[in-house]
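Q: Here is a sequence with its predicted model. Questions after.
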Number of protein chains: 2
Amino acid sequence: MPSLPATLPVHGDGAADEALQMSHRLIQVGIALSSETDLGRLLELIVAQAKELTHCDGGSIFIREGEELRFFVVSRNEDLRDLRMPLSPSSIAGYVVLTGESLNLADVYDLSPDLPYAFNRQVDQQTGYRTRSLLTVPMRDPSGQVMGALQLLNRLQPQRPTRLDPSQVAEWSQPFSALEASVAESLASQAAVAYQNVQLREELKSAHFETIFCLSLAAEYRDQDTSLHLKRMSNYSRIIAKHLGLSSREQELIFYASPMHDVGKIGIPDAILLKPGRFTPEERLIMNRHPEIGYEILSKSDSELMKKSATIALTHHEKFDGSGYPRGLKGEQIPLEGRIVALADVFDALASRRPYKEAWDLTDIFRLVQESTGTHFDPQVVAAFDRGRSEILEIYHRYQEHS
Amino acid sequence: MPSLPATLPVHGDGAADEALQMSHRLIQVGIALSSETDLGRLLELIVAQAKELTHCDGGSIFIREGEELRFFVVSRNEDLRDLRMPLSPSSIAGYVVLTGESLNLADVYDLSPDLPYAFNRQVDQQTGYRTRSLLTVPMRDPSGQVMGALQLLNRLQPQRPTRLDPSQVAEWSQPFSALEASVAESLASQAAVAYQNVQLREELKSAHFETIFCLSLAAEYRDQDTSLHLKRMSNYSRIIAKHLGLSSREQELIFYASPMHDVGKIGIPDAILLKPGRFTPEERLIMNRHPEIGYEILSKSDSELMKKSATIALTHHEKFDGSGYPRGLKGEQIPLEGRIVALADVFDALASRRPYKEAWDLTDIFRLVQESTGTHFDPQVVAAFDRGRSEILEIYHRYQEHS
């Protein structure tokens, strides 16, 4: 979290001062949550802040998804775990989500059997951990709807040892105070809006990618290229970009822009594009106009993404030694994104079966790529491709055509 | 702003209580700002909250854009005004943005001439208003960068009359307190992150629209349709949706989805699509397959937008009386979005010159639309089109082809 100065003045009264300090912290936490754009990091940040503000040992976030609760457990040294359970008032989190009431429980092993909810000891039994105090507060969105719950476990006594074994935690557990419950409620409301914002942004991005994908595929409707080709080559391009050390923004742009590389084939007449045999030299010249047609189509837009896609469309058939088309650019005259997509596209074309050829063996393709380094392909791009080979193979296997 | 309960406890100490109340309010304000998705409303909300928290008469927001300050004035009874000025330390806002220092000035007409900044009395002179106390605080984003400033004017005395004439404001103006300056600083940081979030979301949306637009145009590359046709008909469709009372979300979906209505023409062979004369009945049958081809292409995606675009592609040639194609759907069997785009598309086709026909007169088109009500077009859609006629004509004139 970026540290902002606590700007409000503080007075002498102990209890009021503590509440005021908490409020200052909450304002800063709200800003930090709002600026987080990654869902996993946001969830971790929420629990980390809740732990600091309420001195507890761990926490989970429950998100309502229809009739289910999706929950994320952030535990001491483990990665985030993403699980699901049915939404029911018989679980503590379910009860809080369905009623909108907070539950501040001193010892979950000592709950009256008359209560509508009960603590599920299963996880404790599996892990040897002992949950005692448990605070569960609703996450309300700004319209007042309960969209989930924040659950914090084992408020730790101040005089506890600095390092605690999981088995020792329960003996240092104490109930959460009313102030801590209030703080957790405020934090949960801030978390709700931050979560919704990140989710909305992810939906916008995924809708955008679906559009690119669908319309790029449309552009290749008359050609033999398949949806899986576009999926693979855009992933390959991103992997190469990553191993070249490009920023995550740049990696994402290349991932989004690369499926549009062959849009210019729209401008090639049926008689040539769909010709089964070899091209005559005149037909080849017309076919080789597709990079320029694609550039003409895509460069009409001012958006950064479309400019990148226009560049890729124009330059993905250039070769590093200057023997490519349409301009015969050489080396670093070819924009980096064009050099990346050139390799991703050729690699995938060789690895795929087409009506007129079989798929090549991977060993043969890797050998060809090596042999074409410095002639067809940029040596730096090939080196990045090699560094990313295991990820490339993962994509290769994940998106295989059914034969 | 949604009202959230102030959940933190309050104690007896006056000054600490005031600070604590302010903090509670700031937490709630932060949540409200984070959930606002419209830039104009966000700016108004920031100033409205600042006015309430600091009891001032009005405010402006300055956003740094390169070497300029873009500023938004929210005044008493007027709409938001969006202005620009060069970024320079000689203005008060410019000084705050460039140095990151807050300026809490008791009377801007009484500033030492030795100061690097001065108050510009021009606006006061034009409006007969008198600015006295002026608080200007930096808007820092979470990384600490100053991205703008929040400026509040004329902190009003509590014993002022409930209604004040602009000319009376200055006599009831008093300096802002240190607490108010702190509150404004916190609020400005919350505003900074909310502003960046809204801006980022608008960038994502506009990049998405550019992509749809560009790739839909690509799909029509072989056809005579132009970029202006797509712009007009997507705007017409949105206007009709609005006057049918559809939600703004639904209006936006239709606006984004409608440019893709003819994507299926990609699947029509050159020999038919590009034929200059009349179609034979067999050719007409093939040509009329473009809605189904479009549906096939666009329905591959799960996104709400692409599903909507697939529906539009499939049904925009159906007619209300069942005489359309491909399925001969009738009345409300045709999805509403298909009925909307049917009218928008035909209206624009008639109003445009094509290689084989002149543009029709608007009067003739409006007459034809009336005559086709209940046969080709849905009467409700035509009624909405009529209610939106002035907006339709505005778009018609704005996006004219150069002839």
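A: Looks like it came in fine. Everything numeric here is computed off the predicted structure, so don't read it as measured data.
Q: Count the residues that sit near A:E67.
A: Number of residues near A:E67 (other C-beta atoms under 10 Å in any protein chain shown) recorded here: 8. (Glycine included, C-beta is placed from N, CA and C.)
Q: again, but for A:Q157
A: Neighbours of A:Q157 (other C-beta under 10 Å): 11.
Q: Count the neighbours of whichever residue of chain A sits closest to chain B for me.
A: As assessed by C-beta to the nearest C-beta, chain B sits closest to A:S23 within chain A, at 3.2 Å. Using other C-beta under 10 Å, A:S23 has 26 other residues around it.
Q: So for the closest residue to it other than its chain neighbours, what's the pLDDT?
A: Computed as C-beta to C-beta, 6 or more residues apart in numbering or on different chains, the closest residue to A:S23 that is not its neighbour in sequence is B:S23, at 3.2 Å. At B:S23 the predicted local confidence, pLDDT, stands at 82.
Q: just A:C214 next, same as before
A: 79.
Q: in terms of contact, does it touch B:M306 like I think?
A: Yes: using C-beta atoms under 8 Å, A:C214 is in contact with B:M306, at 5.6 Å.
Q: Which residues are in contact with each of these two?
A: Contact criterion C-beta atoms under 8 Å, 6 or more residues apart in numbering or on different chains; residues shared by A:C214 and B:M306: B:298, B:300.
Q: Around chain B, pick out the residues from the stretch 101-250 of chain A.
A: With C-beta under 8 Å from any C-beta of the partner chain as the criterion, the stretch 101-250 of chain A comes near chain B at residues A:140-144, A:178-179, A:182-183, A:185-186, A:189-190, A:193-194, A:196-197, A:200-201, A:204-208, A:210-219, A:221-222, A:227.
Q: Out of these, which end up buried?
A: A:140-142, A:179, A:182-183, A:185-186, A:189-190, A:193-194, A:196-197, A:201, A:204-205, A:207-208, A:210-219, A:221-222, A:227 (16 or more other C-beta atoms under 10 Å in any protein chain shown).
Q: pull the longest helix from chain A.
A: Ranked by residue count and defined by DSSP state H, the top helix of chain A is helix A:178-219.
Q: could you point out which element follows that helix?
A: helix A:227-243 (DSSP states H and E).
Q: Please put the alpha-carbon coordinates of the helix or strand following that next one into PDB.
A: Using DSSP H and E, the helix or strand that follows helix A:227-243 towards the C-terminus is helix A:248-257. Below are the C-alpha coordinates for helix A:248-257, written out as PDB (Å, rounded to 0.1, in the frame of the first residue of the first chain):
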ATOM      1  CA  SER A 248       2.900  -6.000 -18.900                       C
ATOM      2  CA  ARG A 249       0.900  -3.200 -20.700                       C
ATOM      3  CA  GLU A 250       2.900  -3.900 -23.900                       C
ATOM      4  CA  GLN A 251       2.500  -7.700 -23.500                       C
ATOM      5  CA  GLU A 252      -1.300  -7.100 -23.300                       C
ATOM      6  CA  LEU A 253      -1.400  -4.800 -26.300                       C
ATOM      7  CA  ILE A 254       0.500  -7.400 -28.400                       C
ATOM      8  CA  PHE A 255      -1.800 -10.100 -27.200                       C
ATOM      9  CA  TYR A 256      -4.900  -8.100 -28.100                       C
ATOM     10  CA  ALA A 257      -3.500  -6.700 -31.400                       C
END
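Q: Tell me what angle helix A:248-257 forms with helix B:178-219.
A: With axes from the mean of the first three to the mean of the last three C-alpha atoms, to 10 degrees defining the directions, helix A:248-257 sits at 30 degrees from helix B:178-219.
Q: Could you check helix A:248-257 and say which residues are buried?
A: A:250-257.
Q: For that helix, which outside residues touch it?
A: With C-beta under 8 Å, 6+ apart, helix A:248-257 has contacts from A:208-209, A:212, A:234-235, A:237-238, A:241-242, A:246, A:304-306, A:308-309, A:312, A:337, A:340-341.
Q: Quick check: nearest residue in space to A:K319, chain neighbours excluded?
A: Leaving aside its chain neighbours, A:K319 sits nearest to A:H376 (4.8 Å; criterion: C-beta to C-beta, 6+ apart).
Q: burial of that neighbour, as a residue count?
A: A:H376 has 20 nearby residues by other C-beta under 10 Å.
Q: Also A:L150?
A: 26.
Q: Might you report the residue contacts of it?
A: Here A:L150 is in contact with A:46-47, A:50, A:59-62, A:136-137, A:139, A:184, A:187-188, A:191 (criterion: C-beta under 8 Å, 6+ apart).
Q: out of these, which are inside helices?
A: Short answer: these in helices (DSSP H) are A:46-47, A:50, A:184, A:187-188, A:191.
Q: Neighbour-wise, which one of those leads?
A: Most surrounded of those: other C-beta under 10 Å gives A:A191, at 29 neighbours.
Q: What pLDDT is listed against that one?
A: For A:A191, the predicted pLDDT is 93.
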